Every structure is written in C-alpha cells, then in structure tokens.
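Chemist: here's my sequence, what's the structure:
(one chain, ligands or ions: 2)
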Amino acid sequence: MGIAMDPPQSVEWNGTKVPVYPMETVDYSLLLSQDPAEVEKLVRCCEKEGFFYLDLRGIEGRRVLEDKEATLDLMYRFFDAPLEAKNEFGLIAPHLGYEPVGSRRGVLDDTRDGYEMIKVSRDEIQRDSPKIPAVLKNSPDMKILEHAIANSNTVTKVILSALSTGTGRTGADRFENMHRNDRPSTSTLAMMHYIPSDPSKTKNIGHQKHTDISSLTLLFSDQWGLQIRPPGSREFGFVAPKEGCAVMNVGDSLRFASGHTMQSCIHRVVPLNYDEHRYSIAYFLRAEDQTMFTDSEGRYITAGQWHDEKFFAFKAEAAVQALAPSSMLLGGMVEGAEVEPPKAAPTSVKAAA
Ligand SMILES: O=C(O)CCC(=O)C(=O)O
Ligand SMILES: [Fe+2]
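Modeler: Ligands and ions are numbered 1, 2, ... in the order given. Just a heads-up that it's a prediction; the model follows:
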C-alpha cells in the first residue's frame with residue numbers, strides 16, 4: 001500500500017487502458033475562514049463535477065487524518081474477527097450494522113460485490129446503549145468511533161456552510177438548516193474492507209456503479225480502486241489517492257436541495273491490485289429524514305423516503321433494479337455515451353498500489 005506522489009495519466013486495468021481523472025483540491029483551512037476564492041472554487045467543483053480533493057494538512061485537518069489512522073487500525077482488528085462476531089446484530093437498518101461480502105451486485109455483470117462493511121450512525125453512537133458488535137464495544141474503540149463521527153460531521157458541515165455562502169443562501173434557506181444535529185437522520189460512518197479479487201477468476205468484484213444518497217460524502221482511502229465518471233465523460237477513470245487529502249463528493253440529496261444545479265457524480269470501485277485488501281472509510285452526511293425536496297423523478301418527497309427507496313434499489317438483483325425508476329441508482333445523472341476503451345499499450349504505466 002502507498003500513495004502515488006505523481007499520479008500517472010492512465011493505468012492498465014482488466015486488459016484496457018483507463019484514464020486517471022484530475023481533480024481540483026480545496027483547502028480545508030481556507031474554508032474555515034470562508035476565504036472567498038476558495039469558496040468560489042468549491043462551488044465550481046460541486047456544480048461542474050461533484051467531486052474534489054479536500055486538503056486536510058493544516059492543523060485543524062490533521063486531527064481528522066489522525067482519526068482516519070485510528071479508525072483504520074480498528075478496522076483491521078474488526079474485519080479479522082470471526083463472521084459471527086462481526087455479524088452479531090446483522091444489518092439493523094440500512095445505515096447501521098454489518099453487511100458481509102456479496103450482499104449486493106458487483107461491479108461487473110454477473111458478479112456480486114467484493115466488500116464487507118460495518119456502519120455506525122451518528123444518531124446511534126450517541127445512544128446510551130448503541131447496537132455495536134461486542135468486538136468494538138469497549139471504551140477505546142467507542143471513543144475512536146465517536147471522534148471519527150464527530151469530526152467528520154464537523155468537516156462536512158464546514159463544507160455545507162461554505163456552499164450555502166457561496167450560493168447566496170441566507171437564514172432558513174441555508175443548507176445547514178436541513179442538516180440539524182438534533183433532528184433524526186441517517187448520517188453514518190461506513191467502514192469497508194474489499195477482499196482481494198481478480199476479475200478473470202473471482203465472482204466477488206468491487207462496488208457497483210452508483211451515486212450517493214447522501215448530501216456530502218467524506219471518503220478516505222490510501223489505496224487505488226475508486227473510479228468516477230464525471231458528467232458528460234464517456235468512460236470511468238481512476239481517482240488517484242492524494243496524501244493528506246480526503247476525496248469529497250456531492251450526493252443526491254444536495255443535488256436535489258440545490259435545485260439540481262450540483263452534480264451527484266457517478267462512481268464505483270474496482271480492484272486495481274488483485275491481491276490487495278483494500279480499506280476505505282466514508283462518512284455520509286445526510287439530510288434530516290423530514291427534509292422535502294424534488295427528486296430526479298420530479299416527485300416532492302422526504303429525504304427519508306429517498307434513502308429507503310434507493311437503498312432497496314442498491315440491494316436488489318439486476319432484474320429488480322431494472323424495474324426501479326431509471327434514474328434511481330444514478331440520482332438523475334445522465335451518463336455520456338460509452339466509448340470502447342482502447343487496448344492498453346504495452347508501455348502504459350501501472351499505478352502504484
Ligand atoms: O470504497 C470506496 O472508495 C467508495 C465507497 C462508496 O462509493 C460508497 O460506499 O458509497
Ligand atoms: Fe459511493
């Protein structure tokens with residue numbers, strides 16, 4: 001595992017040459033003081049692509065990077081535990097509990113997914129007796145989870161607040177006002193472990209293409225695997241991990257709340273290094289359950305209903321997914337026409353793992 005200092009322009013994956021998409025970097029420290037140029041850049045990223053790197057190398061962000069390291073340590077221990085221990089409560093709700101490998105469709109046709117996942121929601125961690133498997137229910141691990149959730153919540157709220165300012169929202173119209181901490185929401189910390197897999201041999205591969213249900217997603221992974229399909233682009237391309245940075249993306253709820261002006265970028269995860277275990281951490285900041293918005297089908301619905309319907313589509317078999325409104329999995333985002341990617345040139349650079 002390692003971080004590429006100078007990402008290649010393209011990498012070879014599954015017999016083809018795949019682009020590495022460049023992404024803008026937004027500085028967290030500058031946003032903390034609502035730096036006008038940085039706020040403008042943030043709004044541009046969210047309206048044009050829906051994805052950006054968040055630079056967390058300033059002292060406020062460094063705390064969050066330390067949380068990431070502590071959470072990774074906890075994940076290595078958790079995912080090493082026997083299945084029965086990890087699955088003590090099963091999947092209690094879509095945003096809370098454990099899902100074993102293969103619970104959903106995979107990234108390629110006729111495959112299942114290649115990851116297991118434990119989710120701990122912001123509402124749950126604050127309960128007197130949260131439903132968290134006993135392997136993690138000790139005070140040092142609970143503190144790690146509490147810090148990771150609290151600090152991720154703060155970071156995503158800072159971004160939300162800058163977006164409100166940058167789009168001229170005031171008072172009750174500000175995005176923060178539909179993400180109030182004291183109202184129920186499905187905001188959650190998802191910790192994922194992708195098993196090694198070789199597309200030519202295994203039937204558990206990656207994470208199916210989708211847009212996120214969330215308003216904003218704060219994603220940490222030091223490893224390759226994330227692919228995006230920016231608006232209008234004709235193929236998926238990799239996102240290079242960047243040292244000291246998280247990857248952030250807009251999800252469906254913020255797209256809807258912004259009057260569909262922000263992009264909920266299409267993404268998926270594929271195994272780049274077939275023999276590697278990959279770990280990622282995603283904090284999904286979600287709107288309050290009772291928030292109303294117009295979805296991609298033109299329906300005026302609650303954030304809670306959008307969450308439940310989309311989660312059902314995520315989990316469904318291909319045939320059932322096909323029956324869902326066409327825009328459900330992609331939050332109304334339209335894919336550019338497919339290209340048949342060129343065969344990889346023998347000299348193309350292989351990405352650092
Ligand atoms: O594992 C990753 O890097 C991304 C996961 C993801 O897209 C998700 O959980 O929504
Ligand atoms: Fe996602």
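
Chemist: count of neighbours near the residue of the stretch 201-350 of the chain found nearest ligand 1?
Modeler: Per CB to the nearest ligand atom, Ser280 is where the stretch 201-350 of the chain lies closest to ligand 1, at 3.4 Å. (C-beta placed from N, C-alpha, C; glycine too.) Using other CB atoms under 10 Å, Ser280 has 23 neighbouring residues.

Chemist: on the three-state scheme, it is what?
Modeler: Look at Ser280: counting by DSSP: H, G, I helix; E, B strand; the rest coil, its state is strand.

Chemist: with adjacent residues omitted, what lies nearest to it?
Modeler: Ser221 (3.8 Å; CB to CB, 6 or more residues apart in numbering).

Chemist: what about the one you found, distance to Glu38?
Modeler: Computed as CB to CB, to the nearest Å, the Ser221 to Glu38 distance reads 24 Å.

Chemist: what's the answer for Asp173, then?
Modeler: 22 Å.

Chemist: again with Leu160
Modeler: 15 Å.

Chemist: I'd say Gly251 and Asp212 touch.
Modeler: Yes - the pair Gly251 / Asp212 is scored as a contact, 3.5 Å apart, by CB atoms under 8 Å.

Chemist: thinking again about what came up before, what's the burial count for the residue nearest to Ser280?
Modeler: Around Ser221 there are 22 other residues, counting by other CB under 10 Å.

Chemist: swap in the one 5 residues further on?
Modeler: By the other CB under 10 Å criterion, the neighbourhood of Leu226 contains 24 residues.

Chemist: tell me the bridge partners for it.
Modeler: Val269 (DSSP bridges).

Chemist: ok, it - contacts?
Modeler: Counting by CB atoms under 8 Å, 6 or more residues apart in numbering, Leu226 makes contact with 219, 238-239, 247, 267, 269, 280.

Chemist: now the residue nearest to Gly237 when sequence neighbours are not counted, what's its secondary structure?
Modeler: Leaving aside its chain neighbours, Gly237 sits nearest to Pro19 (3.7 Å; criterion: CB to CB, 6+ apart). Taken by three-state DSSP, the conformation at Pro19 corresponds to strand.

Chemist: measure Pro19 to Glu69 for me?
Modeler: Taken as CB to CB, the span from Pro19 to Glu69 is 30 Å.

Chemist: now swap in Ser197 and tell me
Modeler: Taken as CB to CB, the span from Ser197 to Glu69 is 26 Å.

Chemist: more neighbours: the two, which one.
Modeler: The neighbour count for Ser197 versus Glu69, taken as other CB under 10 Å, is higher for Ser197 (25 against 12).

Chemist: let me see the contact set for the residue nearest to Ser280.
Modeler: Contacts of Ser221 (CB under 8 Å, 6+ apart): 241, 247, 278-281.

Chemist: out of these, who's the most crowded?
Modeler: Arg278 leads those on contacts (other CB under 10 Å) with 26 neighbours.

Chemist: isn't that one right up against Gln223?
Modeler: Yes - in terms of CB under 8 Å, Arg278 counts as a neighbour of Gln223; the distance is 4.7 Å.

Chemist: which stretches of the stretch 251-353 of the chain form strands?
Modeler: 266-269, 278-285, 292-294, 300-302 (DSSP state E, counting those that start in this stretch).

Chemist: which bits of the stretch 151-300 of the chain sit near ligand 1?
Modeler: Applying CB under 6 Å from any ligand atom, one finds that the stretch 151-300 of the chain approaches ligand 1 through 190, 192, 207, 212, 219, 221, 226, 267, 269, 280, 282.
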